[in-house]
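**Q** sharing a model prediction with you, sequence too.
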Amino acid sequence: MGNYLNELVCDNAYPLEPGIKYYMKNWPTDAEIEYLTRNYVQLANKGDNTFEWSLEADKCEQCVSAVRQTKQNMILNSYYWAVWAIMMLTEKDESDSEAFFWDFLDGRSEMHMRYIKQFGFG
C-alpha cells in the first residue's frame, strides 16, 4: 500500500531528462490514505460478517493500526528508495548534479520528510 500511494506522486517514465518527475499535486491526503486502506482491510475481512470499519480505537483497533501501518510503509518506502538511489550513483554521477539518481534521491528525500511532517511520526 505504501509503495502504491507513493507512486501516485512519482513518474519514473517521464519522457524528458533526467527521466523522472514528481507531481506533488498528487500528494495523497489523509482521507485518501484512509479510503484505500479501508478498502484493502475490508477485502481482507470479506468473509467476516461482523467486521465494521471504524477509526475509533475502541471500535476497531485493526482499522486504526492498518492506517498507521500504511503511513509507516509510505515513510519507509520513500527512505528505502532514497538509499537505493545513493547506492546506484556511480563515481561519475557523484559530481554530476544532473544525474538521474540525484533527482530520484532528491524527490524521495522530499517525500520522506514531508510524510514525517504530515503524519507526526517517523
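**A** Received the coordinates, thanks.
**Q** and L5, how far from Y40?
**A** To Y40, L5 is 11 Å away according to Cβ to Cβ, to the nearest Å. Just so you know, the C-beta spots here come from the backbone N, C-alpha and C atoms, and that holds for glycine as well.
**Q** give me the more crowded residue out of the two.
**A** Legend: neighbour count by other Cβ atoms under 10 Å for L5 and Y40, higher for L5 (21 against 14).
**Q** so the more buried one touches T70, yeah?
**A** Yes - contact criterion Cβ atoms under 8 Å: L5 and T70 qualify, at 7.2 Å.
**Q** got any residues that touch both of those two?
**A** Counting by Cβ atoms under 8 Å, 6 or more residues apart in numbering, the contacts common to L5 and T70 are 33, 36.
**Q** now the helices: where do they sit in this protein?
**A** With helices called from DSSP state H, the chain shows them at 2-6, 30-44, 61-88, 91-94, 100-119.
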